[in-house]
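>>> Return atomic coordinates for the entry below.
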Amino acid sequence: MLPDDVLLIIFDFYRVDTTNYLGSTFTWHRLVHVCRRWRHVVFAYPRRLDLRILCTERTPVSKLLGVWPYLPIVIKYWLYSTPTSNFPVPFPNVMIALEHHDRVCQIQLSHLSQSLLDIFSTAMQGPYPSLTTLELSSDDEIAPVLPDTFSCGFAPCLQRVWLEGIIFPALPKLLLSTVDLVSLLLDKIPPSTGSISPEVMVTGLSALTRLKFLRIDFRSPGSPPDIHQHPRNLTRALLPCLTWLEFRGISEYLEVLLVRIEAPMLDNVNIKFFNQLIFDVPQLLQFLTYSEKLSSPKEVTVNFHNDFVQLTLSPPRGTVGNLTLQVLSTVSLQQVSSMVQICNRAMHLLSSVERLEICGGEYEHSLQEWQEDMEDSQWLDLLRPFTAVESLHVTEYLGPFTASALREVTGRRTTEILPALRSLFLEGLGPSAFLRGALRQFLAARGSTSHPVTICHRKSQWGL
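You can find the predicted model right below:
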């Protein structure tokens, strides 16, 4: 009883709601088996319904391609076999699908070994004009190497590239030929074997004016080769569409990378640094000031975990944008030291922060370590950059450290630490004798200024 256009709308909703777990294509073949009319409607609008043929480990590719219409092909394989002398091609169906150069639109191959990568890269020498997604991953301890020939006129319409645990020295050449790229993810990069220097990386990025998502993730700490802090000639990349940036590695690599990049539309940044003694990141801080959505954060959260500490900067409520910066360390003293260094170097960025939250210490063994290592001066150094904070929230386990440190904020130091503070919220802690004694001098000193402080505990408020 329904007209074709109504059926098409229903099928379109079905397509959106039933994207399978592979994230590649929906099960449209169920619709065409219902009746002849449904089959006609589905095949009459292949682009509207984004019809694709999905080839997996269980797909009889030759039979399937002979039955269904001429539709784009998605190749999604989990590879657990390795080639042998008796079985040189462990996945013949993949090879059959790869022969359809003009139809393959997505290639997703995981668990690649060096031998398998060699086989597939050889089979993919010709151009793939319809390919928009390329995902290659390996979990081998020794990362396989993708040969340079892979980048020669390969896929001019690529929009998404994801390489995980794969060394690809010719990646910049590939990027220069894929100007429509929207998403670039480089995960588990070996830090010293075949990694691409930041200068060369920028050369490849310079052509990606449509790039929106960029992730560079090193597998482990180490000094990537060819990092030059002060090169004579700087190749710069303007990325006008970049909104999301993720990085894990050492700060030196990121610093050299960011000095050559401009991304005015950036609104989400996620940085993870491996632990190091000195955190000097002026280029990162300068880079953030160019972003309208990240340059004036209003809320900051410092969260101490067992194996990392995270700094989160949020813009005014109602606006989009977020910056998270992690330092991977299991030692509380090193966690605080890294945050002190970063926050003190970012004072101009933190000068507009109105709300500060300090979290962590929930685990008993980590709390014991805090008690043994922490000094009041270190905690005060962490609070010092937040000159505009009016509200300070501290979780239960870190409340005593805050109270003990603020006990020292008297006399001339009264207006040096948190000069704009008006309310201090100590989560889970009531007006105990310890807190009253530790904070009595601080509250008295601030009471004589134009910014008296109120100590809050749940629904109660108490002063002197």
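>>> surely I166 meets F150?
No. Between I166 and F150 there is no contact under CB atoms under 8 Å: 10.4 Å. All C-beta atoms are positioned from the backbone trio N, CA, C, and that covers glycine.
>>> Tell me the buried residues in stretch 278-297?
F279, V281, Q283, L284, F287, L288, S291, K293, L294, S296, P297 (16 or more other CB atoms under 10 Å).
>>> Show me those that map onto helices.
Using DSSP state H, the members of the buried residues of stretch 278-297 that fall in helices are Q283, L284, F287, L288.
>>> now the last one, nearest residue through space, not along the chain?
Taking CB to CB, 6 or more residues apart in numbering as the measure, L288 lies nearest to L294, with 5.0 Å between them; neighbours along the chain are not counted.
>>> Identify the residue spatially nearest to L239, adjacent ones excluded.
Nearest to L239 is A263, by CB to CB, 6+ apart, at 4.7 Å.
>>> What's the separation between the one you found and T243?
8 Å (CB to CB, to the nearest Å).
>>> So for the two, which residue has more residues nearby?
Neighbour count, other CB atoms under 10 Å: between A263 and T243, A263 has more, with 23 against 19.
>>> Show me the shaky parts of the stretch 151-300 of the chain.
Along the stretch 151-300 of the chain, segments meeting pLDDT under 70 span 151-153, 192-194, 222-234.
>>> what ranges do the helices span in it?
Taking DSSP state H, counting those that start in this stretch, the helices of the stretch 151-300 of the chain run over residues 171-176, 198-205, 251-258, 282-289.
>>> The stretch 351-464 of the chain too?
All helices of the stretch 351-464 of the chain, identified by DSSP H, counting those that start in this stretch, fall at 364-373, 376-383, 399-406, 433-447.
>>> What average pLDDT does the last one get?
Along helix 433-447, the predicted confidence averages to a pLDDT of 75.
>>> Got the domain ranges for this structure?
Domains of the chain are assigned by automatic domain parsing as 1-51, 294-319+327-464.
>>> out of these, deepest packed?
domain 294-319+327-464 (a mean of 17; mean count of other CB atoms under 10 Å).
>>> could you say what helices and strands whatever helix or strand Q106 lives in packs with?
Assigned by DSSP states H and E, Q106 falls within strand 104-110. Using 3 or more CB pairs under 8 Å, 6 or more residues apart in numbering; DSSP states H and E as the contact test, the elements touching strand 104-110 are strand 73-78, helix 92-98, strand 133-137.
>>> please redo it, this time with the cut-off set to 10 Å
strand 53-55, strand 73-78, helix 92-98, helix 114-123, strand 133-137, strand 160-164 (3 or more CB pairs under 10 Å, 6 or more residues apart in numbering; DSSP states H and E).
>>> Packed most tightly, which of the ones you listed would that be?
Note that of the helices and strands packed on strand 104-110, strand 53-55 is the most buried (mean count of other CB under 10 Å), with a mean of 23.
>>> Name every strand pairing with that strand and say which way it goes.
When sheet partners are counted by DSSP bridges, strand 53-55 sits next to strand 73-78 (parallel).
>>> OK, contacts around V32?
W38, R39, H40, V41, V42, F43, L51, W68, P69 (CB atoms under 10 Å, 6 or more residues apart in numbering).
>>> Quick check: the fifth one vs A97, distance?
What that stands for is V42. 22 Å.
>>> Tell me the bridge partners for the residue most central in space within the chain.
Taking CA atoms, centre = their mean, the centroid of the chain lies closest to E246, which sits 3.6 Å from it. Beta-bridge partners recorded for E246 (DSSP bridges): R215, N270.
>>> Could you tell me which residues touch both of A263 and T243?
Shared contacts of A263 and T243 (CB under 10 Å, 6+ apart): L211, L214, V269, S291.
>>> residues contacting the third one?
V269 makes contacts with 243-247, 263, 284, 287-288, 291, 293-294, 313, 321-325, as judged by CB under 10 Å, 6+ apart.
>>> Neighbours of the closest residue to P172 other than its chain neighbours, how many?
Using CB to CB, 6+ apart and skipping residues adjacent in sequence, the residue nearest P172 is G204, 3.2 Å away. When counting by other CB under 10 Å, one arrives at 22 neighbours for G204.
>>> G204 touches P169, doesn't it?
No. Contact criterion CB atoms under 10 Å: G204 and P169 do not qualify, at 11.3 Å.
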